[in-house]
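Chemist: Take this sequence and fold it.
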Amino acid sequence: MAFLNREGGTWSIMELEIRHIRILLALTDELNFTPTAARLGIPQAALSTQISRIERHLGVKLFTRTTRSVVPTDSLEALLPLAKSVEAAMHELERSASRLKSPKPRTLRIGIQTFPLSVALDRLLLEQRDLLIVQVVDDVEANLTLLRQGELDIVQGCELSYRPLCYPRQVRVATVAEEPLWVVMHGDHRMSEACRIDISKLSGEAWASGTPGTPGHDLLLAVCGGAGYSPDIRYLTDSSELVTELLRRGRCIGLASPTEPCPDGCVMRPLDAVNIVRRIVLAWDTQRCSASMARTLLNGIRQWYENRARQNPGYWREIATNPHRYRHLYPNHDQHGEQSVGLTMAISPS
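Modeler: As a prediction, the model looks like this:
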């Protein structure tokens, strides 16, 4: 609203703004200039000047001032309902405008066991523009502890058939794949031409392993122990680069996932007479991760796994000819083992 005011012999235009309405309402509440000025965060002299200007422009006296108090006039009492409705309407306008602003991105905290999958998920979630992704690459048991403590929302990892993981109550678990164990060896190894290798026939071989206490070390001991012998571990290291170099030089053999890249000059073969499988899982807190987001991640991880499996022709043939064994990778498949349209979650309650 614009009001004409004669100041200093000239006419000026004053725009009545919402701040003026709020000044009037604040002084009406406090009935004292000192607390009103403090409430509004302005000097007391500026408050007094604003009230005088509003009164001049409206052409009515709004307050009766004494040395000790401020008393609303009848004119102000008549205008108060309208002033309050204007202030309420402005408040609702501001609230409505705030709801139209771009929402703050949701944060999804994911614990990943393997770095290559971390990169794949980054690409998968690029289209989720309202989602802030925080990834933690660590051991699955450490990540499950963070999930239990509420510091992660989703965990991807591997569990071994002889050593199942412990999941929190509010968590749901889906299987991506149940993966058999393979062995990697130099191409000149005496058994490199075999299609499959019986674990018992490797009892005299030199092995490379992770350091004691690591999942890789424990797995090697369990696999060989199941065949009735202790492995001859010649190299203990947590450096994947060093293990790769030792394999390339034919110094040792090692356990491997069939989806891992095969070192140059080496071959990978499936192991026979081994009852241990590696189960690749996705676990999520149902209170902090929606079913649709879990499905998106699960299908993305399955696709990532399939792409890596295709790089190992022997493993891919095994998957194609054994659809029931790899039913978790393709929850919907026909009698020929071909993928149906649309993946669904193969979920088991924790």
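Chemist: who touches stretch 139-148?
Modeler: 111-113, 136, 152-159, 165-168, 171, 215, 283, 285 (Cβ atoms under 8 Å, 6 or more residues apart in numbering). For glycine as for every other residue, the C-beta is placed from the backbone atoms N, C-alpha and C.
Chemist: rerun that using 7 Å as the cut-off
Modeler: 111, 113, 136, 152, 155, 157-158, 165, 167-168, 171, 283, 285 (Cβ atoms under 7 Å, 6 or more residues apart in numbering).
Chemist: need those residues in JSON lines with secondary structure and distance to residue 197, can you?
Modeler: Shown next, in JSON lines, are the contacts of stretch 139-148 (DSSP: H, G, I helix; E, B strand; the rest coil; distance: Cβ to Cβ, whole Å):
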{"residue": "111", "secondary structure": "strand", "distance to residue 197": "34"}
{"residue": "113", "secondary structure": "coil", "distance to residue 197": "26"}
{"residue": "136", "secondary structure": "strand", "distance to residue 197": "36"}
{"residue": "152", "secondary structure": "coil", "distance to residue 197": "38"}
{"residue": "155", "secondary structure": "strand", "distance to residue 197": "33"}
{"residue": "157", "secondary structure": "strand", "distance to residue 197": "27"}
{"residue": "158", "secondary structure": "strand", "distance to residue 197": "22"}
{"residue": "165", "secondary structure": "coil", "distance to residue 197": "28"}
{"residue": "167", "secondary structure": "coil", "distance to residue 197": "34"}
{"residue": "168", "secondary structure": "coil", "distance to residue 197": "39"}
{"residue": "171", "secondary structure": "strand", "distance to residue 197": "37"}
{"residue": "283", "secondary structure": "strand", "distance to residue 197": "33"}
{"residue": "285", "secondary structure": "strand", "distance to residue 197": "41"}
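Chemist: Farthest-apart pair in those residues, please.
Modeler: Using Cβ to Cβ, these span at most 19.3 Å, a distance reached by 158 and 285.
Chemist: Just the element for residue 79, please.
Modeler: In the assignment (DSSP states H and E), residue 79 maps to helix 74-100.
Chemist: now residue 47
Modeler: Going by DSSP H and E, residue 47 is part of helix 44-58.
Chemist: Which positions within that helix qualify as buried?
Modeler: By 16 or more other Cβ atoms under 10 Å, the buried positions in helix 44-58 come out as 47, 50, 51, 54, 55, 57, 58.
Chemist: ok, now how distant is the last one from residue 45?
Modeler: According to Cβ to Cβ, to the nearest Å, residue 58 stands 21 Å off from residue 45.
Chemist: got it, and the fifth one?
Modeler: With the distance defined as Cβ to Cβ, residue 55 ends up 16 Å from residue 45.
Chemist: Ok, the fourth one next?
Modeler: Computed with Cβ to Cβ, the distance linking residue 54 and residue 45 is 15 Å.
Chemist: So what's the residue count around residue 212?
Modeler: Number of residues near residue 212 (other Cβ atoms under 10 Å) recorded here: 10.
Chemist: all numbers from here: first residue = 5
Modeler: Sure thing, new numbering starts at 5, so read that last one as residue 216.
Chemist: Can you tell me the closest non-neighbouring residue to it?
Modeler: The shortest distance from residue 216 to any non-neighbouring residue, by Cβ to Cβ, 6 or more residues apart in numbering, is to residue 240 (7.2 Å).
Chemist: Specify the residue ranges that define each domain of the chain.
Modeler: Here the domain parsing of the chain from automatic domain parsing is 6-104, 110-178+296-353, 186-276.
Chemist: Now render the ones you listed as CSV, adding distance to residue 282 and mean pLDDT.
Modeler: Converted to CSV, the domains of the chain look like this (distance: least, Cβ to Cβ, whole Å; pLDDT from 0 to 100):
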stretch, distance to residue 282, mean pLDDT
domain 6-104, 48, 81
domain 110-178+296-353, 5, 76
domain 186-276, 7, 95
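Chemist: Just tell me which of those ends up closest to residue 283.
Modeler: domain 110-178+296-353 (5.0 Å).
Chemist: hang on, residue 324 in a helix?
Modeler: Yes: if the criterion is DSSP: H, G, I helix; E, B strand; the rest coil, then residue 324 is within a helix.
Chemist: Confirm that residue 176 sits in a strand.
Modeler: Yes: counting by three-state DSSP, residue 176 is found in a strand.
Chemist: ok, back up a step: derive a PyMOL selection command for the buried subset of the contacts of stretch 143-152.
Modeler: Selecting the buried subset of the contacts of stretch 143-152 in PyMOL, with 16+ other Cβ under 10 Å as the burial test, is done by:
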select buried, resi 115+117+140+156+159+161+162+169+171+175+287+289
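Chemist: ok, the contacts of stretch 143-152 vs residue 97, which is closest?
Modeler: residue 289 (38.3 Å).
Chemist: tell me the contacts of the closest one?
Modeler: Residue 289 touches 151, 157, 174, 175, counting by Cβ under 7 Å, 6+ apart.
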